[in-house]
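S.K.: Predicted model, plus sequence, below.
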Amino acid sequence: MAYTRAARKLSQSVPRRRGKASYASVTSVIGCSPGEHSSLVNRARCYSQVSVRKDFLWPAATSIATILAISSLISLRDKQKTPEPGGRLGALEKALRQEPASPYRWCDLGEAFFEEGQQERARYCFFEAKRLAPNLPGIWMRASAFHFRIGEIHEALQSTAKVLAIVPDFDEAIFEGYDRHVPAVSDVVPGLEGNRRASQAYFRHILRAERTADADITWKWLRHRSFTDDQLAAAYLDLLLKHRMFATVVETWASYQGEHRGDYPYPNLLSNAGFENELTGAALDWKISDVSGAATLRDRSCARSGAYALHIVFQGVGNVDYGHVVQTVYVRLGEYELQAFVRTAGLTTNEGIRLHVFDAESSARLDVYTEQLTGTNDWTRIERRFRVPAGTNLIKVQVCRRPSLKFDNKIRGNAWIDAVSLRNIPEGTSQ
C-alpha cells in the first residue's frame with residue numbers, strides 16, 4: 001500500500017486540465033450497448049477537437065481509440081460484477097466518461113476495480129492508461145504498483161524501468177518496491193540495462209542497506225557494462241572494510257584498477273605507489289586532506305621514476321602537524337619492509353619529513369616511523385622494517401611531519417616523495 005500511495009502521489013504531481021468542453025453529454029459510456037459505438041466515436045472526434053491539454057497533445061485518433069477501449073472494457077461486464085451506479089465505481093466511471101482520453105481517470109478506475117476484486121478489469125484499465133501516456137512517469141508508477149500487488153513481477157519491472165529512464169526523483173520509492181517484491185537482485189538488474197544513472201543509484205541503495213552479497217552481484221554486473229566510477233568504487237570498498245571482508249576488498253580494488261594497478265597488490269601492497277594515477281579518494285588509494293600551512297599536490301616536474309611524484313610545500317606560517325597523505329593497507333601476521341625515496345629543498349626546523357606506519361584500529365599494537373629528512377637532499381631512500389603482530393589487519397601508511405618543540409618551529413621548504421613500497425618479507429629471510 002505504501003508503494004501504491006507513492007505511485008499515486010507521483011501521478012498527481014503532474015498537472016492535468018480538463019477540456020473546455022467536457023464529454024458530459026455522453027450518457028453512461030461504461031454502460032452503453034455495442035450498438036452505440038459509432039455514435040461514441042463521432043463524439044470522441046468532437047471531444048478531441050475542443051479539448052485543450054497543457055501536459056500532452058491528444059490527436060483525434062487517440063480519442064477514437066480511447067472510446068473503443070472503453071467499449072472493450074464493457075465486454076468484461078459479463079465476467080465480473082457490475083458496479084452500483086451510485087457507488088465509488090460509478091463515480092469514477094462517470095469521471096472517465098467526462099475525460100475518456102485521460103490516463104489518470106483510467107488509473108483511478110483501475111485501482112478501484114482492484115480494490116473490489118475485479119482484477120481483469122483493473123488490468124485492462126492500467127493497460128489503457130499506459131498506452132495513453134507513454135512518457136508520464138506517474139502513470140507508469142501506478143501501473144507498476146498494481147502489477148506488484150498481483151504478483152506480475154516482470155510487468156512491474158518493465159513499468160518501473162520506464163519511470164527510471166524518465167526521472168530520478170522517485171528512485172528510492174522504486175528501489176524499496178524492489179526490496180519488498182523482487183526476491184533477488186539478479187532479477188532486478190536486467191531491467192536496468194542501458195540506464196547507467198539508475199544502475200548506479202540502485203547500487204548505492206544496496207550499499208546503504210549494507211547488503212554485501214547483493215552488492216557483490218550488482219558490482220560485477222556494473223563492471224561488465226562499464227557503469228562503475230571512482231566514487232562508486234570508493235563507497236563499495238568502504239562497505240567491504242566495514243564488514244571486515246579484507247581479502248575481497250583487495251581483490252576488488254586491484255581488479256577495478258586494471259592495467260593501472262602496476263605491481264599492486266603483489267609484490268607491492270601499496271596502491272598507486274608512485275602517484276602516477278589521479279587520486280580516487282578510495283581508502284586503498286592515497287587520500288590527501290587539506291591542512292593550514294602546507295599544500296600537497298601531484299607534481300610532474302620532479303619525479304624520481306615515472307611521470308609524477310608527491311610534492312609538499314611548507315609555507316613557513318606555522319608549526320605544522322602534518323599527516324595528511326595516508327593509505328589504508330590490508331596486512332597479515334609477519335615481517336614487512338616499508339621504503340620510499342624522498343627529496344627535500346630548504347626544509348627548515350629540526351622536524352622534517354618521514355613515513356609513519358600504525359595499526360588502523362589500535363596504535364598500541366603497531367606504531368613505527370622511518371628516519372626523517374630535513375634541509376636539502378637529493379633523492380634519498382628511507383626505510384623501516386617492522387613486524388605486524390597478531391590481531392592487526394589494517395595499517396595506515398602516512399606521510400608525516402611531527403610538530404617541533406623548538407622555539408623556531410615554523411616550517412618552510414619543499415619535499416617530494418616517490419616510489420613508495422611495502423613488501424612482505426618471507427619468514428627466514430635475513431635483513
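M.R.: Structure received. Only a predicted model underlies this, so the values are computations on that prediction, with no experimental measurement involved.

S.K.: so where is the chain shaky, pLDDT-wise?
M.R.: In the predicted model, the chain carries pLDDT under 70 at residues 1-86, 429-431.

S.K.: Which parts of it are helices?
M.R.: Using DSSP state H, the helices of the chain run over 2-12, 37-50, 60-74, 88-98, 103-115, 119-132, 137-149, 153-166, 171-181, 185-188, 196-209, 212-224, 230-242, 246-257.

S.K.: With mean neighbour count and distance to residue 350 added, can I get the ones you listed in JSON lines?
M.R.: Bear in mind the C-beta positions are built from the backbone N, C-alpha and C, glycine included. Output for the helices of the chain, formatted as JSON lines (neighbours: other CB atoms under 10 Å; distance: least, CB to CB, whole Å):
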{"stretch": "helix 2-12", "mean neighbour count": "18", "distance to residue 350": "64"}
{"stretch": "helix 37-50", "mean neighbour count": "16", "distance to residue 350": "88"}
{"stretch": "helix 60-74", "mean neighbour count": "19", "distance to residue 350": "83"}
{"stretch": "helix 88-98", "mean neighbour count": "19", "distance to residue 350": "84"}
{"stretch": "helix 103-115", "mean neighbour count": "24", "distance to residue 350": "76"}
{"stretch": "helix 119-132", "mean neighbour count": "21", "distance to residue 350": "75"}
{"stretch": "helix 137-149", "mean neighbour count": "26", "distance to residue 350": "65"}
{"stretch": "helix 153-166", "mean neighbour count": "21", "distance to residue 350": "60"}
{"stretch": "helix 171-181", "mean neighbour count": "19", "distance to residue 350": "55"}
{"stretch": "helix 185-188", "mean neighbour count": "18", "distance to residue 350": "57"}
{"stretch": "helix 196-209", "mean neighbour count": "19", "distance to residue 350": "46"}
{"stretch": "helix 212-224", "mean neighbour count": "17", "distance to residue 350": "48"}
{"stretch": "helix 230-242", "mean neighbour count": "18", "distance to residue 350": "37"}
{"stretch": "helix 246-257", "mean neighbour count": "18", "distance to residue 350": "38"}
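
S.K.: Using CSV, please lay out these together with distance to residue 396.
M.R.: Below are the helices of the chain laid out as CSV (distance: least, CB to CB, whole Å):
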stretch, distance to residue 396
helix 2-12, 44
helix 37-50, 70
helix 60-74, 65
helix 88-98, 64
helix 103-115, 56
helix 119-132, 55
helix 137-149, 46
helix 153-166, 40
helix 171-181, 35
helix 185-188, 33
helix 196-209, 23
helix 212-224, 23
helix 230-242, 12
helix 246-257, 14
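
S.K.: Next, count neighbours for residue 226.
M.R.: Residues within reach of residue 226, counting by other CB atoms under 10 Å, total 8.

S.K.: Can you read off the backbone torsions of it?
M.R.: Note on residue 226: its backbone torsions stand at phi 60, psi 40 [degrees, to the nearest 10].

S.K.: about what we covered before: out of the helices of the chain, flag the one nearest residue 289.
M.R.: The closest of those to residue 289 is helix 230-242. By CB to CB, the value is 14.5 Å.

S.K.: ok, back up a step: go through the helices of the chain and name the closest to residue 288.
M.R.: Among those, if distance is taken as CB to CB, the winner is helix 230-242, at 13.7 Å.

S.K.: what comes into contact with that closest one?
M.R.: Helix 230-242 is contacted from outside by 200, 203-204, 207, 210, 212, 215, 219, 222, 246, 248-249, 252-253, 256, 280-284, 328, 394, using CB atoms under 8 Å, 6 or more residues apart in numbering.

S.K.: again, but for stretch 184-192
M.R.: Stretch 184-192 is contacted by residues 153, 157-158, 160-161, 164, 178, 182, 198-199, 202, 206, 214, 217-218, 221 when judged by CB under 8 Å, 6+ apart.

S.K.: what are the bridge partners for residue 401, then?
M.R.: residue 322 (DSSP bridges).

S.K.: measure it to residue 417 for me?
M.R.: The gap separating residue 401 from residue 417 is 12 Å, by CB to CB, to the nearest Å.

S.K.: For the two, list the residues in contact with both.
M.R.: Common contacts of residue 401 and residue 417, defined by CB under 8 Å, 6+ apart, comprise residue 353.

S.K.: residues near residue 260, how many?
M.R.: Applying other CB under 10 Å, we find 12 other residues in the vicinity of residue 260.
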